[in-house]
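Enquirer: sequence and predicted structure, then a few things I'm wondering about:
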Amino acid sequence: MFLKHRILILLAAVALLSQSCNEYQKVLKNEDVKAKYDMAEKYYEAKDFKRANRLFEQIAPKYVGKPQGERVQFFLADTYYQVKNYNFAGYQFERFLKSYPKSDKAAESSFLGAKSYYMLSPRYSLDQTDTEKALVKLQNFINTYPESEFMPEANSMAKELTTKKEKKAFEIAKQFTKLGNSYILDYSISAVAALDNFVSDYPGTIFREEALYLKLVATANLALNSTLNRKEERLETAEAAYKNLLKYYPKTSFLKDAENLREKVSKEMTRYKEQENLAK
């Protein structure tokens, strides 16, 4: 009896689903805009966002300039977001804000539009165009709606994306440093420039200590392998890089390696001075 009862329930569910599918297909092909609107809202409330999205797509142009237009436009954007079509979601939320800047849904739309680009942001090693877009959108949201309930999440996302951008820039500079360690001096020169730019662009970065240490590595490598006519200047630059690291991080985790480099630089400076005196 129990098995028979379960089979009957299953058959009833299948019949109900089939009826629902038939009803949906019928309305989808129907020219009755009001019927599409009612069913789209029904599916939206039931969280069947995929079907709701298709219906809202069809009727949105019909409601432009009408009282229901604001509601339809928001639901269209949100259903794109809910089905994870973040490219279209971001675009539709932008359209919504341009059309209805004073809407009760403006703050939520601004936030979800920014979050759509956040969701598109790739790993740090890839192109960060969408990360840049997301940061601009998030900053605009933060500035425009400082009292919004979404503020904590927006700040958290902005911090995460900023760190991602920092990591990409830092890894590029780090790679130049590694290549410079192979005695390819041009890479050491590039590393110093990249690290200077990195520290300047991201003064509060979590990678600042390591960046200052890597600048010491790059300047020391450049100095120790330099030609005589540039050696003194470059040794002095390496010495300055060491002092700068210790100035900001006197207990740096790179202290032992930094002191070893400084010792090499100091010995090289002594040798250089001796050679210079002999040449006089």
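Expert: Structure received. Remember, predicted model here, so these are calculated numbers, not experimental data.

Enquirer: do you know the pLDDT at Arg230?
Expert: pLDDT recorded at Arg230 is 89.

Enquirer: which strand or helix spans it?
Expert: helix 228-248 (DSSP states H and E).

Enquirer: only C-alpha atoms, please: export that helix in PDB.
Expert: What follows is helix 228-248, C-alpha atoms only, in PDB (Å, rounded to 0.1, in the frame of the first residue of the first chain):
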ATOM      1  CA  LEU A 228      82.300  50.100 -12.900                       C
ATOM      2  CA  ASN A 229      81.000  53.400 -14.200                       C
ATOM      3  CA  ARG A 230      77.500  52.800 -12.500                       C
ATOM      4  CA  LYS A 231      78.600  50.600  -9.600                       C
ATOM      5  CA  GLU A 232      79.000  53.300  -6.900                       C
ATOM      6  CA  GLU A 233      75.600  54.900  -7.600                       C
ATOM      7  CA  ARG A 234      73.900  51.500  -7.600                       C
ATOM      8  CA  LEU A 235      75.500  50.300  -4.400                       C
ATOM      9  CA  GLU A 236      74.300  53.500  -2.700                       C
ATOM     10  CA  THR A 237      70.800  52.900  -4.000                       C
ATOM     11  CA  ALA A 238      70.900  49.300  -2.600                       C
ATOM     12  CA  GLU A 239      72.100  50.700   0.700                       C
ATOM     13  CA  ALA A 240      69.200  53.200   0.700                       C
ATOM     14  CA  ALA A 241      66.700  50.400  -0.100                       C
ATOM     15  CA  TYR A 242      68.000  48.400   2.900                       C
ATOM     16  CA  LYS A 243      67.600  51.400   5.200                       C
ATOM     17  CA  ASN A 244      64.100  52.100   3.900                       C
ATOM     18  CA  LEU A 245      63.000  48.600   4.600                       C
ATOM     19  CA  LEU A 246      64.300  48.800   8.200                       C
ATOM     20  CA  LYS A 247      62.800  52.200   8.600                       C
ATOM     21  CA  TYR A 248      59.300  51.000   8.100                       C
END
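
Enquirer: and Lys47, how close does it get to Asp78?
Expert: 11 Å (C-beta to C-beta, to the nearest Å). Every C-beta, even on glycine, is put in place using the N, C-alpha and C of the backbone.

Enquirer: can you list the low-confidence ranges for the stretch 101-250 of the chain?
Expert: The model of the stretch 101-250 of the chain has pLDDT under 70 over residues 180-184.

Enquirer: quick one, what contacts Phe93?
Expert: For Phe93, the contacting residues are 77, 81, 109-110, 112-113, 116, by C-beta atoms under 8 Å, 6 or more residues apart in numbering.

Enquirer: check Thr252 too.
Expert: 209, 213, 245-246, 258.

Enquirer: 10 Å instead, please
Expert: By C-beta atoms under 10 Å, 6 or more residues apart in numbering, the contact set of Thr252 is 209-210, 212-213, 216, 245-246, 258.

Enquirer: that one: helix or strand, and which one exactly?
Expert: Applying DSSP H and E, one finds Thr252 in no helix or strand.

Enquirer: show the pLDDT at it.
Expert: pLDDT, read off for Thr252, is 97.

Enquirer: do the same with Ile9
Expert: 45.

Enquirer: mind telling me what element Ile142 is part of?
Expert: helix 129-144.

Enquirer: following that helix, which helix or strand comes up?
Expert: Next along from helix 129-144, by DSSP H and E: helix 151-180.

Enquirer: counting by contacts, list what that following helix packs against.
Expert: helix 106-120, helix 129-144, helix 185-201, helix 208-224 (3 or more C-beta pairs under 10 Å, 6 or more residues apart in numbering; DSSP states H and E).
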